[in-house]
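Participant: sharing a model that was predicted from the sequence below.
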Amino acid sequence: MKLSTHDMLKNVKSSTRIEITGELLVKVQNSLLGILKDFVLVCEKYGFYYSLCGGSALGAIRNQGFIPWDDDIDVFMLRNDYNEFLKIFKKELGEKYYLHSLETTPEYGMPVTQLMKKGTIKRSFEIPPNVPCGLNIDIWILDNAPDNRMCRSLHGLISTILGLIVSCSRFYKTKDYLLAYFKEADNIVKKNIKKKAFIGKCISFCSLSTWSLLYTRWNSIYKNNNSRYVVCATGTKHYFKEIFLRSEYCTTVPVKFEDTLLMVIKDADKALTRLYGDYMKIPPIEKRETHFVSELKL
């Protein structure tokens, strides 16, 4: 049974889903770029590390901007810098933006930090109608990973378990909404939603907020900022496939992205090859990842 939310639901069709293409996609990309620029200005002001990552880094290297069909932006931050970012967020960005994260809104159980623009709406299946949302960039946190192999294995094992618990707890809390949203999906999808919700019910002796806070505290338990490895424990590939050498991922260089220069991992070729293989090759249409939303207001 595959319980990964990302793998389970990302390509499931629904009549209520809106595909972001054409002129709408261009408008979304322009708005996202504005959010990213505001975020980068704050990082530069305070000396915070950030780097484009995932498809955004790929777009910077291959397309000098957005991947033509992409409608999101992903960045890395180091845990220490992110903690400082949380302290100054309200003063620097609170007028225009708000945050969804395990620390600021643990009751939603969102593993990735989302910097959301006020006055906009971008609702995907992860966000039920009663939860505020907006057009956003995703901020993925790089935590310190133990140098000792056994400690790293333990850190990763418990992180993976807690991540699953948070996800199942969230499914339990939103089960009725998810089943209604994916009512046209096949029975396998519905069955997996119910399985995750059942696990969530079994561990509901603690609230989703409690599990979320425990998860992020465990991920950040190692305080050695000079450790050999860093890890994006909340990444879509989960702990053991999201471990990186600090020397490779924490040194950045400016790269052209649309009409500006943004920081990308110095050895981007190695990182992108690891993620995508021959990343300079344009994938055929059927293999391009398409995102959907149920509600959109720019």
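Facilitator: Received, thanks. Given the structure is predicted, the values throughout are model-derived calculations rather than measurements.
Participant: wait, is Lys87 part of a helix?
Facilitator: Yes - the assignment for Lys87 by DSSP: H, G, I helix; E, B strand; the rest coil puts it in a helix.
Participant: give me the neighbour count for it.
Facilitator: 10 (other CB atoms under 10 Å). From N, CA and C alone the C-beta is placed, and that goes for glycine too.
Participant: could you do Lys90 as well?
Facilitator: Quick note: Lys90 (other CB under 10 Å) scores 12 neighbours.
Participant: any idea how far Ile20 is from Glu44?
Facilitator: 29 Å (CB to CB, to the nearest Å).
Participant: these two: who's more crowded?
Facilitator: The neighbour comparison of Ile20 against Glu44 (other CB under 10 Å) goes to Ile20, with 20 against 11.
Participant: so what's Tyr50 up against?
Facilitator: Phe39, Val40, Cys43, Val75, Phe76, Met77, Asp81, Thr252, Met263 (CB atoms under 8 Å, 6 or more residues apart in numbering).
Participant: again, 10 Å this time
Facilitator: By CB atoms under 10 Å, 6 or more residues apart in numbering, the contact set of Tyr50 is 36, 39-40, 42-44, 75-78, 81-82, 85, 139, 252, 262-264.
Participant: same check on Gly109?
Facilitator: Gly109 touches 100, 102, 126, 165-171, 173-174, 200, 207-209, 211-212, 215, counting by CB under 10 Å, 6+ apart.
Participant: mark which of those are buried, thanks.
Facilitator: Among the contacts of Gly109, those buried by neighbour count (16 or more other CB atoms under 10 Å) are 100, 102, 126, 165-171, 173-174, 200, 208, 211-212, 215.
Participant: mind checking which of these are in strands?
Facilitator: His100 (DSSP state E).
Participant: so which of the buried ones among the contacts of Gly109 are in helices?
Facilitator: 165-171, 173, 200, 208, 211-212, 215 (DSSP state H).
Participant: so can I have JSON lines of those showing pLDDT?
Facilitator: Below are those laid out as JSON lines (pLDDT from 0 to 100):
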{"residue": "Ile165", "pLDDT": "97"}
{"residue": "Val166", "pLDDT": "97"}
{"residue": "Ser167", "pLDDT": "95"}
{"residue": "Cys168", "pLDDT": "96"}
{"residue": "Ser169", "pLDDT": "97"}
{"residue": "Arg170", "pLDDT": "95"}
{"residue": "Phe171", "pLDDT": "95"}
{"residue": "Lys173", "pLDDT": "95"}
{"residue": "Gly200", "pLDDT": "97"}
{"residue": "Leu208", "pLDDT": "97"}
{"residue": "Trp211", "pLDDT": "98"}
{"residue": "Ser212", "pLDDT": "98"}
{"residue": "Tyr215", "pLDDT": "98"}
